[in-house]
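1. What would the 3D arrangement of this be:
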Amino acid sequence: MVSAAPPLRARNAPEQYDDLAHAWWDPQGPFAALHWLAAARGELVPEPSEPGATLVDLGCGGGLMAPHVPAGFRHVGVDRNAAALAQAVERGVEAVQGDVTAVPLPDGCAEVVIAGELIEHVEDLPALISEIARLLAPGGVAVYDTINATLWARLSLVWVGERLPGGPPRHIHDPRLFVPPRRLAALFSAHGLEVEEQFGLQVHPPSYVRFLRDRSVPVHMERTRSLAALYAGRVRRTS
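-> Just a heads-up that it's a prediction; the model follows:
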């Protein structure tokens, strides 16, 4: 029996994650691109300074970062969706159910904070950046990726991307929440977070062609100079 397609929700509607809760760990399913991005994000995560150092994974979903977090970290995942958190726990993530703009964790508890494919979903961006800064210990780093507020981003990642195999689910993004790099850097700076590196990301064409042809995985993400669509980076708490 073929499962019924989930309803087409309003853009960025939280209910979409309930509709798609079964699909987190399907590498060929509607969250396929999140697997590719998690691997790229993992390359930015430093080794823990000591065993048991805390890494806070904001908007962790089903725990897709678990295979890419260096050994030795206490991996704490924060998400509002209970079904997703249950899957994260199965992968060794310590689950905290809560809002990423009001995280129920103490100040300075994290050596690393991850905000992957999250920033462009949050209505109150200043509150999110404030929480990232609050959670980070002095000298700690935050790793992020998000979508630029450009026409090219809307075209490539929404208008076209939502219709391509492996692309984001329909209506998962709301372009009004996309964030220009300069605005993001300014918000980080206002909270004592200095951008160490920032770069564009795109699918590696040969691996994506293999995915289109026979659903071969994984699809690799490669760095680009252009920040016009998807971009990523790392910031450090300096104060």
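
2. Do a quick rundown of the helices in the chain.
-> According to DSSP state H, the chain carries its helices in the segments 15-19, 32-42, 82-90, 125-135, 151-153, 181-190, 205-214.

3. Pipe those into CSV and attach distance to Val69 and mean neighbour count per row.
-> Just so you know, the C-beta spots here come from the backbone N, C-alpha and C atoms, and that holds for glycine as well. Output for these, formatted as CSV (distance: least, CB to CB, whole Å; neighbours: other CB atoms under 10 Å):
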stretch, distance to Val69, mean neighbour count
helix 15-19, 21, 17
helix 32-42, 7, 21
helix 82-90, 12, 18
helix 125-135, 16, 20
helix 151-153, 28, 15
helix 181-190, 22, 15
helix 205-214, 23, 13
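
4. For Ala115, which of these is the nearest?
-> When the helices of the chain are compared by CB to CB, helix 125-135 sits nearest Ala115, at 6.2 Å.

5. Name the nearest residue to Cys60, ignoring sequence neighbours.
-> Once flanking residues are discounted, Cys60 sits nearest to Gly77: 3.2 Å by CB to CB, 6 or more residues apart in numbering.

6. Pull up the gap between His191 and Leu184, please.
-> Going from His191 to Leu184 by CB to CB, to the nearest Å gives 12 Å.

7. Which stretches in the protein count as strands?
-> For the chain, the strands defined by DSSP state E occupy 54-58, 74-79, 94-97, 110-116, 136-147, 193-203, 221-224, 230-237.

8. Return the list of strands paired to the last one, each annotated with direction.
-> Pairing partners of strand 230-237, with direction, according to DSSP bridges: strand 136-147 (antiparallel), strand 193-203 (antiparallel).

9. ok and the longest one relative to helix 181-190, angle-wise?
-> It stands for strand 136-147. 170 degrees (axes from the mean of the first three to the mean of the last three CA atoms, to 10 degrees).

10. List of residues touching strand 136-147?
-> Strand 136-147 is contacted from outside by 37, 40-41, 44-46, 108-120, 132, 153, 157, 173, 178-179, 184, 193, 196, 201, 229-239, using CB atoms under 8 Å, 6 or more residues apart in numbering.

11. Between the strands of the chain, which one is closest to Leu164.
-> Using CB to CB, the strands of the chain put strand 193-203 closest to Leu164, at 9.9 Å.

12. For this structure, give me the ranges with low pLDDT.
-> Low-confidence regions of the chain, defined by pLDDT under 70, span residues 1-4.

13. if we go to 50?
-> 1-2 (pLDDT under 50).

14. related to what we said a few turns ago, list residues touching both of His191 and Leu184?
-> Joint contacts of His191 and Leu184 (CB under 8 Å, 6+ apart) are Ile129.

15. And for the closest residue to Gly233 other than its chain neighbours, the neighbour number?
-> Nearest non-adjacent residue to Gly233, counting by CB to CB, 6+ apart: Gln198, 3.5 Å away. By other CB atoms under 10 Å, the residues close to Gln198 number 15.

16. How about the contacts made by Arg237?
-> By CB under 8 Å, 6+ apart, the residues touching Arg237 are 133, 136-142, 192-193.

17. returning to that earlier point: so which of the strands paired with strand 230-237 is the most surrounded?
-> Mean neighbour count (mean count of other CB atoms under 10 Å) peaks for strand 136-147 among those, with a mean of 21.

18. what angle sits between that one and helix 32-42?
-> Using the same axes, to 10 degrees: strand 136-147 against helix 32-42 is 140 degrees.

19. Would you mind putting the strands paired with strand 230-237 into TSV with distance to Ala32 alongside?
-> Formatted as TSV, the strands paired with strand 230-237 follow (distance: least, CB to CB, whole Å):
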stretch	distance to Ala32
strand 136-147	16
strand 193-203	11
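
20. Of all these, which one comes closest to Gln28?
-> strand 193-203 (14.6 Å).
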